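1. have a look at this prediction, sequence included:
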Amino acid sequence: MKRLAMIFAMDQNGLVGKDGTLPWHAPRDLKWFKAATLNKTMIMGRRTWDSLGRPLPKRTSIVVSSAPRPSALPEPVHWVNSLDDALALGQRIDDGQDEMLIIGGPTLCELAKPHVARFYRTILDATYDGDCWFDRDFASDWQASYRGTVPATGDTPAMTIEVLNRH
Ligand SMILES: NC(=O)c1ccc[n+]([C@@H]2O[C@H](COP(=O)([O-])OP(=O)(O)OC[C@H]3O[C@@H](n4cnc5c(N)ncnc54)[C@H](OP(=O)(O)O)[C@@H]3O)[C@@H](O)[C@H]2O)c1
């Protein structure tokens with residue numbers, strides 16, 4: 001049985017999105033995201049899929065939507081109509097991994113909260129303008145198996161990266 005994890009980057013107020021995309025450009029966080037998700041199955045809401053616009057290499061994508069599968073969708077991308085179907089499919093995908101991840105957005109993640117055992121959380125040491133937020137306190141009382149800080153560089157603020165595990 002794979003562990004279900006969630007991964008999010010947020011600002012000091014829990015902001016996670018703006019106009020269907022990320023409010024910031026934070027290459028170091030993208031590198032962390034890649035390392036955390038590589039070779040694993042990623043479950044995402046349809047709007048997050050739209051913002052990616054393509055399957056990310058060396059990862060399996062499952063998109064959750066109430067709509068039928070679009071005919072133009074690339075073949076390797078899975079398309080399901082509920083979170084339960086996504087979780088069941090993610091368990092069946094034989095990728096040799098012990099973890100699958102929900103990668104957003106906040107609408108889908110809110111639903112997935114009760115199922116999540118690990119939270120990869122990045123908090124940027126800044127505030128931005130945007131239009132969607134995730135629960136800033138989610139998993140705050142979980143046990144950290146990793147906590148690191150990344151100093152500010154150029155336009156990118158400092159950030160704290162944590163791996164939080166449900167007790
Ligand atoms: N900062 C981060 O780490 C991060 C990570 C991911 C995303 N984001 C940002 O978050 C924003 C998008 O998030 P969002 O909350 O607006 O959208 P989302 O969660 O990505 O997608 C919402 C869509 O998913 C489908 N969906 C959700 N729950 C469903 C259910 N129970 N059954 C069937 N379908 C369901 C619906 O698609 P249909 O409308 O097709 O039915 C719904 O409109 C973007 O700005 C993105 O850049 C940020």
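-> Looks like it came in fine.

2. just the element for the nearest residue to residue 1 once chain neighbours are set aside, please.
-> Setting aside the residues directly before and after it, residue 1 is nearest to residue 91 in space (CB to CB, 6 or more residues apart in numbering), at 6.6 Å. In this view, the C-beta of every residue, glycine as well, is placed from N, C-alpha and C. Here residue 91 sits within helix 83-92, counting by DSSP states H and E.

3. now do the buried residues in that helix.
-> Burial within helix 83-92, assessed by neighbour count using 16 or more other CB atoms under 10 Å, is assigned to 83, 86-87, 89-90.

4. ok, residue 42 - contacts?
-> For residue 42, the contact set (CB atoms under 8 Å, 6 or more residues apart in numbering) comprises 56, 59-62, 100-103.

5. quick one: those residues as CSV, columns for secondary structure too.
-> Listed next are these as CSV, based on DSSP: H, G, I helix; E, B strand; the rest coil:
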residue, secondary structure
56, coil
59, coil
60, strand
61, strand
62, strand
100, strand
101, strand
102, strand
103, coil
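
6. of those, grab the buried ones for ChimeraX.
-> Selecting the buried subset of these in ChimeraX, with 16+ other CB under 10 Å as the burial test, is done by:
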select :59,60,61,62,100,101,102,103
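
7. follow-up on the earlier one: who touches the helix holding residue 91?
-> If you take CB under 8 Å, 6+ apart as the criterion, helix 83-92 is touched by 1-2, 4, 41, 43, 62, 64, 78, 80, 100, 108, 111-112, 115.

8. from the residues you listed, which is closest to the ligand?
-> Taking CB to the nearest ligand atom as the measure, the ligand sits nearest to residue 108 out of those, at 3.8 Å.

9. confidence score at the closest residue to the closest one other than its chain neighbours?
-> Leaving aside its sequence neighbours, residue 108 sits nearest to residue 45 (CB to CB, 6+ apart; 3.7 Å). The per-residue pLDDT reported for residue 45 equals 98.

10. how about residue 45: which residues does it bridge to?
-> Counting by DSSP bridges, residue 45 is bridged to residue 64.

11. who's in contact with it?
-> With contact set as CB under 8 Å, 6+ apart, residue 45 has these partners: 63-65, 104-105, 107-108.

12. alpha carbons of the helix holding residue 91, as CSV, please.
-> What follows is the C-alpha trace of helix 83-92 in CSV, where atoms were taken according to Å, rounded to 0.1, in the frame of the first residue of the first chain:
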residue,chain,number,x,y,z
LEU,A,83,-10.7,11.6,-5.7
ASP,A,84,-11.6,8.0,-4.6
ASP,A,85,-11.0,6.7,-8.2
ALA,A,86,-7.7,8.6,-8.3
LEU,A,87,-6.6,7.1,-5.0
ALA,A,88,-7.6,3.6,-6.0
LEU,A,89,-5.9,3.9,-9.4
GLY,A,90,-2.8,5.4,-7.8
GLN,A,91,-2.5,2.3,-5.6
ARG,A,92,-2.9,0.0,-8.6
